[in-house]
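J.: sequence? don't have it. structure:
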DNA sequence: ATGAAAGCGCTAACAC
DNA sequence: GTGTTAGCGCTTTCAT
């Protein structure tokens, strides 16, 4: 990489003259500016980012800590973050916590040494289970702002972007009730997550408010074979005529299993799941889905962080944005 | 963030003493080392990464340019890269090219200013179509090594990690031939990619070598409704008794569609696809899949780059690693 | 055993 | 209009 020093030497001027010329300072003569710019162009000069960061004490880089990059929703949020950040000239350093508290702490620690200007993160499963929040507080008190999304730690004072998880399943369940479904089941692989709990509550609330509904809840663990679990669940409860799935796969499996069992969809049974657009093609008929607008969530989170970094918000004035879900009606419901 | 300067002031010693003490230099007295370390601990001192980078002229950061983070295979490779890099103390800056040549160039350009020590990337679709490689060559000649994976530019001299795409579909097709399938179809949504072409060739070669096989090829464009396309394809060619899918979704859709049409799987028709483990649960019976070992690909790529950065390889000695696919036999084949 | 000083690449306040 | 200098945080060589 060519430096200001080298350009200066070759042009027989001082380093600061070159610097000023390139930054269009009015102090420098027209002729000099021209000469400098031409040589810089020739050598494809680019200011050294590291030197700038050191000088200006900011890196224009955002640390993103994500529990699981293979989760389609989280990947999509990351996509949204990246796109928005790029717009504003920010880069993204990604750490994957793998749902582990330890790795989450490490990531935070490792980047809180001048590598990034702030963080966007979604809380790891283990962190939520153990309810640890000290590491977040410490990072914030070091002067590095955090924006949390989706899985947030409510007791940490920072900007947040969340999904209306409760309303989503509540409304979806009401939808099935409106279809005159009498035996509506709830299937989830994410019991232990904050958002999983909220989704379960939404379902329960809808049933209770409409009286006379028996809950049918299937909880699937990571080690389980979800196909088998769902198959025996639907066999054991043949009266089920509606399914709400809280995660990105069990809705698809439930629909395919119902078909396998000879049920007509949506005549005999309706299914609503959390699948992405592409995954909603994995069932025939296509799955009616709850969309979380992951890209928008990512974009909002990036927006909030960048705003804060540019001091457009004051220290204490934290915000929580709630992104509404939409139900995309397809052929698996009436 | 606390600095050496602040520690030095508080301890009434010089900056260099503090630095040496923290780096366990033998020059410094035992007692002083102890005092320094205690204070550093107390203030949670961490050396400023940016200053180190500037001083040492390396960032311990890898730039990763990925065409599409929502592609499960690419996301998994990224996961592998991140994990391996973290092991060696490297961070990952991610750019998403979105399959666009322009964004790929920008990403390369933007990070080639001291932000990263080298790149790992998979070539964008547009770049492959236009066959542009100048930007890669320029980056390498600037002294920043590149490791390409999966979709590579063969004319660029650099380390590469590729998949045996040709063999994968060749062998998969042979497998169906061994099952006495007579009318084997090939379905792909990735015609324009280098890897898509290789996969098509593997299929064709297997058919040709075994004589008397008519090819049935369905090519799906991005704007198409793949369910409809596949449905009409299978209806129009009811003699099809085997399907090889070249991408991550059409195998699943083909299997579900065959079931829908009343075909028995695998009795009447076998299907092999490229789905991930979790997606292979989206069909009943579960899909037999070609696994690409994405995490290993990512890990290998990271290994190669880090080796090169640590000068364990000489300038001109570039390597190409071929990662073998495996067929994970499930219930959609005999 | 400790400290002073140079230098990584850059900007900017301050000479001249 | 151009140059000198200091300084961002750190390591390291060279005094003392």
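T.: Structure's in. What do you need? Remember, predicted model here, so these are calculated numbers, not experimental data. Residues are numbered from 1 along each chain as shown, chains lettered A, B, ... in the order given.
J.: Near residue A:51, how many other residues are there?
T.: Applying other C-beta atoms under 10 Å in any protein chain shown, we find 16 other residues in the vicinity of residue A:51. Using the backbone N, CA and C atoms, a C-beta is placed for each residue, glycine as well.
J.: ok, now residue A:330?
T.: 18.
J.: go on, residue A:122?
T.: Residue A:122 has 25 neighbours, counted by other C-beta under 10 Å.
J.: now do residue A:269
T.: Residues contacting residue A:269 under the criterion other C-beta under 10 Å number 25.
J.: correct me, but it touches residue A:243?
T.: Yes. Counting by C-beta atoms under 8 Å, residue A:269 does reach residue A:243; the two are 6.8 Å apart.
J.: Identify the contacts common to these two.
T.: residue A:258 (C-beta atoms under 8 Å, 6 or more residues apart in numbering or on different chains).
J.: phi, psi of residue A:184?
T.: Residue A:184 adopts backbone torsions of phi -100, psi 130, taken as degrees, to the nearest 10.
J.: State the phi and psi torsions of the nearest residue to it once chain neighbours are set aside.
T.: Distance criterion C-beta to C-beta, 6 or more residues apart in numbering or on different chains; nearest residue to residue A:184, sequence neighbours excluded, is residue A:242 at 3.9 Å. The phi and psi values for residue A:242, taken as degrees, to the nearest 10, are phi -160, psi 140.
J.: Look up how far DNA strand D lies from residue A:313.
T.: From residue A:313 across to DNA strand D, the span is 24 Å (C-beta to the nearest atom of the strand, to the nearest Å).
J.: Quick check: residue A:273 vs chain B, distance?
T.: Per C-beta to the nearest C-beta, to the nearest Å, residue A:273 is found 11 Å from chain B.
J.: wait, that residue sits on residue A:250?
T.: Yes. Under the criterion of C-beta under 8 Å, residue A:273 makes contact with residue A:250 at 7.0 Å.
J.: How about the closest residue to chain B within the stretch 151-300 of chain A, nearest residue that isn't a chain neighbour?
T.: Closest residue of the stretch 151-300 of chain A to chain B, C-beta to the nearest C-beta: residue A:282 (4.2 Å). Ranked by C-beta to C-beta, 6+ apart and with sequence neighbours excluded, the top spatial neighbour of residue A:282 is residue B:282, at 4.2 Å.
J.: Correct me if wrong: the one you found contacts residue A:284.
T.: No. Contact criterion C-beta under 8 Å: residue B:282 and residue A:284 do not qualify, at 11.2 Å.
J.: which of those two has more neighbours?
T.: Taking neighbours as other C-beta under 10 Å, residue B:282 and residue A:284 compare with residue B:282 leading, 27 against 20.
J.: What are the contacting residues of the helix or strand encompassing residue A:177?
T.: Under DSSP states H and E, the secondary-structure element containing residue A:177 is helix A:165-178. Where contact means C-beta under 8 Å, 6+ apart, the residues beyond helix A:165-178 that reach it are A:184, A:186, A:195, A:198-203, A:205-207, A:210, A:213, A:242, A:244, A:246, A:270, A:272, A:290, A:292, A:324-325, A:327, A:333.
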